[in-house]
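Student: One predicted model, sequence on top.
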Amino acid sequence: MGEGYYGRNGMLGLATPQANPTAETEFRALLPEGVGCATVRMASEAPDPEARLRAYFTDIAGTLNRFDTLAMQAVGLACTGSSYLLGHEAVEANLAELSAHREQPIVSAASAIERALAHLGARSIALICPYPQWLLDAADAHWQSRGFEVVDQVSLDPGQGDTRAIYGLSPRDAADRITSRWQNRQADAYLITGTGLPTLRVVAELSETLPGPVLSSNLCLAWATLQVAGIDPGALAPTPHMPLLTGWEPRIDQL
């Protein structure tokens, strides 16, 4: 691409749940200079939150078709809940087929997290999410089925009636509760799952105090999507000390 284009160093796509106010902002803040991002909304009219999350991924082919002829090196799917409910094998088999059809890598947030955990050699995780209890249970089962030991798991709002309540959680309150919960928990990695909760500041803060690396869904998704796109993530490359953030600060001053 020419020097004058916003995406002169590459263009990525992002599919995010229809009411999610966080994923595209954090995703863009995590991209290197000169890498553009185009966003499409995963939509469903299902009133039931579980049915809605399932529909996001079962209808993903039509959703991505709304990008029309826009040229992109890869697309990230900013929703972990869909993978937790539909199951890893079914989701990744479908995305592999769709990637081949579109001739474009498609990365789910759950697979991005697993890629980062594998890179770090992490086998045990502490898990925090802003989901209702039934979706936290699905997340716990997902990571255990993928061979990880879940040493701690908790929801920030277990009694919420709708997964969209995540968007109303106070980021500062969430950060304080996460910090308090994890101060005495030992794990190979600490995972904040859920793309709708603002996490970049708390990831940076916790990385200064916890004994293991801190990950979030959006952080892992940006890193993994850059990787599969063949775009050098530079300082986003994970290390055991501060994965995905070493020597680099996301543009959180703009968030």
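Tutor: Now that the structure is in, tell me what you want to look at.

Student: Before we move on, what's the pLDDT of residue 234?
Tutor: What the model reports as pLDDT for residue 234 is 63.

Student: Kindly report the same for the one 3 residues further on.
Tutor: The confidence metric pLDDT takes the value 48 at residue 237.

Student: And for the one 5 residues further on?
Tutor: Confidence per residue is given as pLDDT, and for residue 242 that number is 41.

Student: Please, where are all the strands along the stretch 151-255 of the chain?
Tutor: For the stretch 151-255 of the chain, the strands defined by DSSP state E, counting those that start in this stretch occupy 189-192, 214-216.

Student: Which of these sits closest to residue 79?
Tutor: strand 214-216 (13.6 Å; C-beta to C-beta). Glycine gets a C-beta too; all of them are placed from N, C-alpha and C.

Student: which other helices and strands contact that closest one?
Tutor: With contacts defined as 3 or more C-beta pairs under 8 Å, 6 or more residues apart in numbering; DSSP states H and E, the packing partners of strand 214-216 are helix 109-120, strand 189-192, helix 200-206.

Student: mean pLDDT lowest for which of the ones you listed?
Tutor: Note on these: helix 200-206 shows the lowest mean pLDDT, a mean of 84.

Student: Flag every buried residue along it.
Tutor: Residues of helix 200-206 classed as buried by neighbour count (16 or more other C-beta atoms under 10 Å): 200, 202-203, 206.

Student: Please state the offset of that helix from the chain centre?
Tutor: Distance of helix 200-206 from its chain centroid, counting by C-alpha atoms, centre = their mean, to the nearest Å, is 15 Å.

Student: quick one: contacts for the residue nearest the centre of the chain?
Tutor: In the chain, the centroid-proximal residue (C-alpha atoms, centre = their mean) is residue 217; its distance is 2.5 Å. Residues in contact with residue 217 (C-beta atoms under 8 Å, 6 or more residues apart in numbering) are 78, 80, 109, 112-113, 192-195, 199.

Student: Now render the strands of the stretch 151-255 of the chain as a markdown table, adding mean neighbour count and distance to residue 227.
Tutor: Below are these laid out as a markdown table (neighbours: other C-beta atoms under 10 Å; distance: least, C-beta to C-beta, whole Å):
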| stretch | mean neighbour count | distance to residue 227 |
| --- | --- | --- |
| strand 189-192 | 26 | 18 |
| strand 214-216 | 27 | 15 |
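
Student: among those, which is nearest residue 73?
Tutor: Closest to residue 73 of those is strand 214-216 (C-beta to C-beta; 22.5 Å).

Student: Show me what that closest one is in contact with.
Tutor: Contacts to strand 214-216, defined as C-beta under 8 Å, 6+ apart, come from residues 113, 116-117, 189-193, 199-200, 203, 206-207, 243-244.

Student: Which among the strands of the stretch 151-255 of the chain is found nearest to residue 102?
Tutor: Nearest of the strands of the stretch 151-255 of the chain (C-beta to C-beta): strand 214-216, 26.8 Å.

Student: re earlier: just the buried members of the contacts of residue 217?
Tutor: Using 16+ other C-beta under 10 Å as the burial test, the contacts of residue 217 include 78, 80, 109, 112-113, 192-195, 199 as buried.

Student: Since that was my last question, I'll sign off now.
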